[in-house]
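In: Provided below are the primary sequence and the corresponding predicted coordinates.
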Amino acid sequence: MNCFDQVEFADRKEIERIQAVRLKNTVYQATASRFYRGRMAMTGVKISDINSHNDINILPFTNKDDLRSNYPYGLLAMPVEEMVRLHASSGTTGTATVIFHTQNDLNIWADLVARCMHMSGVSTGDVFQNMSGYGLFTGGLGIHYGAERLGCLTIPAGAGNSKRQIKMLKDFKVTVAHIIPSYALHLSSVFKDMSVDPRSLHLRIMLIGAEPHTHEVRKRIEEIYGVKAYNSYGLSEMNGPGVAFECREQSGMHLWEDAYLAEIVDPETLDPVPDGNVGELILTTLCREGMPVIRYRTRDLTRFIPGECPCGRKHKRIDRISGRSDDMIVLKGVNIYPMQVEKILMSIPEVGQNYLIELEREGYMDQMRIKVEIRDEFFVEDMRILQALQKKITTHLRDEILITAKVDLVEHDSLPKNDGKAVRVVDKRNN
Ligand code: AMP
Ligand code: ZN
């Protein structure tokens, strides 16, 4: 199977033809694993029942717990001797979710990432700095091999060490960078400390992803660095980056349907949602031989964007991830997603580059406290000015999330920061 050919511009009929063949292969391949052999026997579905991409709905779902309870080798569809690499998801609790790859799987993954980067305008001749953590996290090696495949001069910078990152960006005249959005915001203050103007670099494109972020954060990154920033979506269970990516239109992420079969379902009933509605993204690998995964419940909430993309690609687009079904905050009976808070905060010019949501319990009452970094130039001594700003933020937030949060204004760079994915919510209610 080769996923890097004319398929990028294939029409719907061709995509669906490929999906039907690959879905059948995948189910056949998966049943070589202990886990899926058992699952398929339970459901009574036979390989001969799968003849179209629509037949996905007779297959069983797989969730994170299935991967955990069959740790480490229960989902391998080939002998462990055939595997050449493993990665794990970045969760910090419980048994890790580990994914194994054959060399063939890695080649296809690199092709998919190369296809993503090419779609956003990256090409041979670009100098590319990968500021993702290497190691088990897929944003390091996953993006790295894609960039090399595309022919970029690839700098495996890794995460952190901000001053060195900036030096390399300057010295090597880097044109494209891959960076986690919260880190891109944080890095801007290190530029300030070093008196380097981020817009004076050679950067023209930033690939941002791996964590939820709003349109407002993308706009800030584009302004700070003077670049185009493209959203990159992926998860370890589906290899990592390379699942869905923005084209130059920046209006949703094309999901490579020759490599992944996507569905959007109601997270409660697991029934498909009407086209264009938000639900949980379910993904099936179509090109993986070492460890195929069928109908994986990503918990990520998004929708298919209706209509055709002006770029001409027919692979469906998913919208920016609005949250995860498991990171919804329920407070005083109201459902709130952290991205709703971010959207408001990042549209207020006085607000700096970092924030933290804390959930507290006062007596029997739950309370949301939002710590918000304020830009240096607005962090003044006049209490009246600060109080007015605090009031403005509280009111804007209330209009969006319908509750009154306690807003603490804090100094720029004073909140905890991460080299990896940002921690946006701390729940102190049960401590
Ligand atoms: P991991 O497998 O540990 O790298 O985590 C994958 C998860 O990161 C996904 O299921 C999403 O929740 C999140 N994620 C990855 N890319 C994005 C993105 N572009 N936007 C929002 N969330 C993302
Ligand atoms: Zn497009």
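Out: Nice, thanks for sending it over. Numbering: from 1, shown residues only. Ligands and ions are numbered 1, 2, ... in the order given.
In: for this structure, just list every one of the helices.
Out: Assigned by DSSP state H, the chain shows helices spanning 12-30, 34-43, 64-69, 103-119, 138-150, 162-171, 181-193, 215-225, 338-346, 383-401.
In: save those helices as a markdown table, and put in mean neighbour count, distance to residue 83 and mean pLDDT too.
Out: In this view, the C-beta of every residue, glycine as well, is placed from N, C-alpha and C. Putting the helices of the chain into a markdown table (neighbours: other Cβ atoms under 10 Å; distance: least, Cβ to Cβ, whole Å; pLDDT from 0 to 100) gives the following:
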| stretch | mean neighbour count | distance to residue 83 | mean pLDDT |
| --- | --- | --- | --- |
| helix 12-30 | 18 | 14 | 98 |
| helix 34-43 | 16 | 15 | 96 |
| helix 64-69 | 16 | 15 | 94 |
| helix 103-119 | 23 | 9 | 97 |
| helix 138-150 | 24 | 15 | 98 |
| helix 162-171 | 16 | 33 | 98 |
| helix 181-193 | 20 | 31 | 95 |
| helix 215-225 | 19 | 36 | 98 |
| helix 338-346 | 21 | 36 | 96 |
| helix 383-401 | 14 | 45 | 96 |
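In: ligand 2: which of those helices is closest?
Out: Between ligand 2 and those, the tightest spacing by Cβ to the ion is seen for helix 103-119, at 7.4 Å.
In: how far off helix 138-150 does the closest one point, in degrees?
Out: Following axes from the mean of the first three to the mean of the last three Cα atoms, to 10 degrees, one obtains 80 degrees for the angle between helix 103-119 and helix 138-150.
In: in its sheet, which strands sit next to the biggest strand by length in the chain, and in what direction?
Out: Once the chain is assigned using DSSP state E, the strand that runs over the most residues is strand 351-362. Based on DSSP bridges, the strands next to strand 351-362 in the sheet, each with its direction, are strand 365-374 (antiparallel), strand 425-427 (parallel).
In: so of these, which one's packed in deepest?
Out: Burial among these, expressed as mean neighbours by mean count of other Cβ atoms under 10 Å, is greatest for strand 365-374, which shows a mean of 19.
In: for residue 88, give its distance to residue 76.
Out: According to Cβ to Cβ, to the nearest Å, residue 88 and residue 76 sit 15 Å apart.
In: more crowded one of these two?
Out: Neighbours were counted for residue 88 and for residue 76 using other Cβ atoms under 10 Å; residue 76 has more, 20 against 15.
In: from ligand 1, how far off is that one?
Out: In this structure, residue 76 and ligand 1 are separated by 19 Å, where distance is defined by Cβ to the nearest ligand atom, to the nearest Å.
In: show the contacting residues for that residue.
Out: 33, 83, 100, 290-291 (Cβ atoms under 8 Å, 6 or more residues apart in numbering).
In: may I see the PyMOL selection of the buried members of those residues?
Out: Filtering the contacts of residue 76 down to the buried ones (16 or more other Cβ atoms under 10 Å) takes a single PyMOL command:
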select buried, resi 33+83+100+290+291
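In: mind checking which of the contacts of residue 76 are in strands?
Out: 83, 100.
In: which two of the contacts of residue 76 have the greatest separation?
Out: Pairwise distances among the contacts of residue 76 were taken by Cβ to Cβ; the largest, 12.5 Å, belongs to 33 and 83.
In: where does pLDDT dip in the protein?
Out: Within the chain, the ranges that satisfy pLDDT under 70 run 1-5, 91-94, 431.
In: switch the cut-off to 50
Out: Scanning the chain with the threshold set as pLDDT under 50 gives 1-3.
In: flag every residue of it that's near ligand 1.
Out: If contacts are counted using Cβ under 6 Å from any ligand atom, the residues of the chain sitting beside ligand 1 are 89-90, 138, 209-212, 231-236, 298, 300, 321, 324.
In: how distant is stretch 24-37 from the center of its chain?
Out: On the basis of Cα atoms, centre = their mean, to the nearest Å, stretch 24-37 sits 27 Å off its chain's mean C-alpha point.
In: output it as PDB, nothing but the C-alphas.
Out: These are the backbone C-alpha positions of stretch 24-37, laid out as PDB (Å, rounded to 0.1, in the frame of the first residue of the first chain):
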ATOM      1  CA  LYS A  24     -11.600  -5.000   4.100                       C
ATOM      2  CA  ASN A  25      -7.800  -5.500   4.200                       C
ATOM      3  CA  THR A  26      -7.600  -3.800   7.600                       C
ATOM      4  CA  VAL A  27     -10.300  -5.900   9.100                       C
ATOM      5  CA  TYR A  28      -8.600  -9.000   7.700                       C
ATOM      6  CA  GLN A  29      -5.300  -7.900   9.100                       C
ATOM      7  CA  ALA A  30      -6.700  -6.800  12.500                       C
ATOM      8  CA  THR A  31      -8.200 -10.200  13.100                       C
ATOM      9  CA  ALA A  32      -4.600 -11.600  13.300                       C
ATOM     10  CA  SER A  33      -4.400  -9.800  16.700                       C
ATOM     11  CA  ARG A  34      -5.600 -11.500  19.900                       C
ATOM     12  CA  PHE A  35      -7.800  -8.500  20.700                       C
ATOM     13  CA  TYR A  36      -9.600  -8.200  17.400                       C
ATOM     14  CA  ARG A  37     -10.000 -11.900  16.900                       C
END
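In: start at 13 instead
Out: In the new count, where the first residue is 13, that last one comes out as stretch 36-49.
In: contacting residues around that stretch?
Out: Contact with stretch 36-49 is made by 13, 52, 57, 59, 62-63, 71, 78, 82, 86-90, 296-298, 300-301, 303-306, as judged by Cβ under 8 Å, 6+ apart.
In: switch to 6 Å and redo it
Out: The set of residues external to stretch 36-49 that reach it, using Cβ atoms under 6 Å, 6 or more residues apart in numbering, is 52, 59, 62, 82, 86-89, 298, 301, 304, 306.
In: of these, which is the most crowded?
Out: Each of those was scored by neighbours using other Cβ under 10 Å; the highest score is residue 304's, at 26 neighbours.
In: okay then, goodbye and thanks.
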